[in-house]
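A.B. asks: Below are the sequence and a predicted model; questions follow.
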Amino acid sequence: MATTHLTSAFPRAAAGWRRRLDRYFPQCAETQCQGRSKRLALPRWRNSGVYLHRNWYCSAQCLLPALEEAVLPLLPDPETPPTRRRRLPIGLLLLNRGVIHAQQLRAALVLQRERGEGRLGDWLRRLGAATEADITRALAIQWGCPVFPLERDQGYRQCVGLVPLNLSQTYGLLPVYHSRDRSLLYVAFRDGVDHALLYGIEQMLGCRTVACIVNESAFAAALADLESRTTPRETIFDSVRGSFEIAHAACGFTERLGAQALRLARLGRTLWIRFLCRSGPRDLLFHLPAS
Ligand SMILES: [Zn+2]
């Protein structure tokens with residue numbers, strides 16, 4: 001009764017004490033936890049437990065149901081087809097800007113149709129109708145974002161580890177500049193901007209992103225440079241997995257790595273789980289099947 005009076009009389013002070021108590025002696029967020037009532041039996045100085053979002057779990061066992069719940073909405077819904085925003089075709093854009101002639105555009109379209117492969121920009125380059133710089137500029141106009149000078153700016157080397165290398169290879173994207181206060185990240189795209197990918201990166205890294213376009217050859221050179229300099233720290237699962245199987249695998253990694261916190265995001269058809277460990281972040285990637 002006395003405590004109720006005190007907390008209602010001094011709500012701010014009570015909230016402060018509650019925050020301090022949670023920080024040093026967190027309570028497991030799993031309602032079925034055996035040790036939930038024994039707050040003092042699970043002190044943080046033992047380095048035990050793991051955070052998922054803002055909740056703390058005393059063990060991988062307690063984490064499992066919450067992780068499965070967090071994974072489920074990130075899995076692709078077979079009923080919902082992927083949406084694509086319509087843009088002015090790159091051929092028309094180059095034609096309107098006077099970079100190519102209608103005859104060259106027709107020839108490139110015929111070649112693309114006959115061979116049944118390749119992007120129109122690649123066929124225009126093979127015909128000598130446009131240069132790589134022409135295509136990059138047109139892509140930037142198409143997506144309404146700047147061209148990043150990747151061929152002479154090696155800022156991408158400072159961004160190593162922000163996004164797993166496998167995601168750069170799979171989706172043609174590369175973090176190229178991280179602001180000093182870490183609140184802004186420039187993400188370069190090779191083939192066009194994907195805002196869903198940017199959103200996933202923002203969710204994972206907790207910063208704003210700015211999209212830009214880079215030359216295809218500069219992108220390939222930067223990626224090869226990173227591949228030769230760094231050892232990938234991601235583990236990749238390619239087989240089909242449901243939410244339970246994914247959560248189960250992630251809990252196993254949580255224990256093995258001694259992770260202190262977990263983050264999740266969906267990038268394209270990949271579920272990305274990041275483990276924040278004392279030795280640095282480690283990543284688990286689940287390439288999900290197309291619906
Ligand atoms: Zn627990």
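C.D. replies: Yep, that arrived.

A.B. asks: Give me the below-cutoff pLDDT ranges for the stretch 1-150 of the chain.
C.D. replies: Applying pLDDT under 70 to the stretch 1-150 of the chain picks out residues 1-9, 18, 20-24, 36-47, 78-85.

A.B. asks: so how far is Arg12 from the most centrally placed residue in the chain?
C.D. replies: The chain has Ile201 as the residue nearest its centroid, 3.4 Å off, counting by C-alpha atoms, centre = their mean. From Ile201 over to Arg12 the distance is 37 Å, taken as C-beta to C-beta, to the nearest Å. No exception for glycine: its C-beta is placed from N, CA and C like everyone else's.

A.B. asks: how about the strands in the stretch 151-291 of the chain?
C.D. replies: With DSSP state E, counting those that start in this stretch, the ranges of strands along the stretch 151-291 of the chain come out as 173-178, 184-189, 208-213, 234-237, 261-267, 270-277, 280-287.

A.B. asks: list the contacts for the residue in the stretch 151-291 of the chain positioned nearest to the ion?
C.D. replies: The stretch 151-291 of the chain approaches the ion most closely through Cys251 (12.4 Å), counting by C-beta to the ion. For Cys251, the contacting residues are 60-61, 63-64, 67, by C-beta atoms under 8 Å, 6 or more residues apart in numbering.

A.B. asks: and which of the residues you listed is nearest to Gly35?
C.D. replies: Lowest distance from Gly35 to the contacts of Cys251 (C-beta to C-beta) belongs to Gln61, with 10.9 Å.

A.B. asks: Leaving out sequence neighbours, find the closest residue to that closest one.
C.D. replies: Cys251 (7.7 Å; C-beta to C-beta, 6 or more residues apart in numbering).

A.B. asks: pLDDT score assigned to the one you found?
C.D. replies: Predicted confidence (pLDDT) for Cys251: 95.

A.B. asks: can you check Tyr186 too?
C.D. replies: So, for Tyr186, pLDDT stands at 97.

A.B. asks: I'd assumed Leu174 was in contact with it.
C.D. replies: No. At 9.5 Å, Tyr186 does not count as touching Leu174 under the criterion of C-beta atoms under 8 Å.

A.B. asks: quick one: which of the two has more around it?
C.D. replies: Leu174 (27 against 21; other C-beta atoms under 10 Å).

A.B. asks: how's the protein carved up into domains?
C.D. replies: 2-75+242-287, 90-143, 155-233 (automatic domain parsing).

A.B. asks: Give me the distance from the last one to the chain's centre.
C.D. replies: Centroid displacement of domain 155-233 relative to its chain, using C-alpha atoms, centre = their mean, to the nearest Å, is 9 Å.

A.B. asks: Equivalent analysis for the first one, please.
C.D. replies: With C-alpha atoms, centre = their mean as the basis, domain 2-75+242-287 stands 20 Å off its chain's centre.

A.B. asks: do the second one as well
C.D. replies: Taking C-alpha atoms, centre = their mean, one finds domain 90-143 lying 30 Å from the centre of the chain it belongs to.

A.B. asks: For Leu185, give the beta-bridge partners.
C.D. replies: Leu185 has these beta-bridge partners by DSSP bridges: His178, Thr209.

A.B. asks: for it, what are its contacts?
C.D. replies: 159, 162, 175, 177-179, 201, 205, 207-210.

A.B. asks: again, only using 6 Å
C.D. replies: 175, 178, 207, 209 (C-beta atoms under 6 Å, 6 or more residues apart in numbering).

A.B. asks: out of those residues, which are buried?
C.D. replies: 175, 178, 209 (16 or more other C-beta atoms under 10 Å).

A.B. asks: Lowest-confidence one in those?
C.D. replies: pLDDT across the buried ones among the contacts of Leu185 is lowest for His178, at 94.
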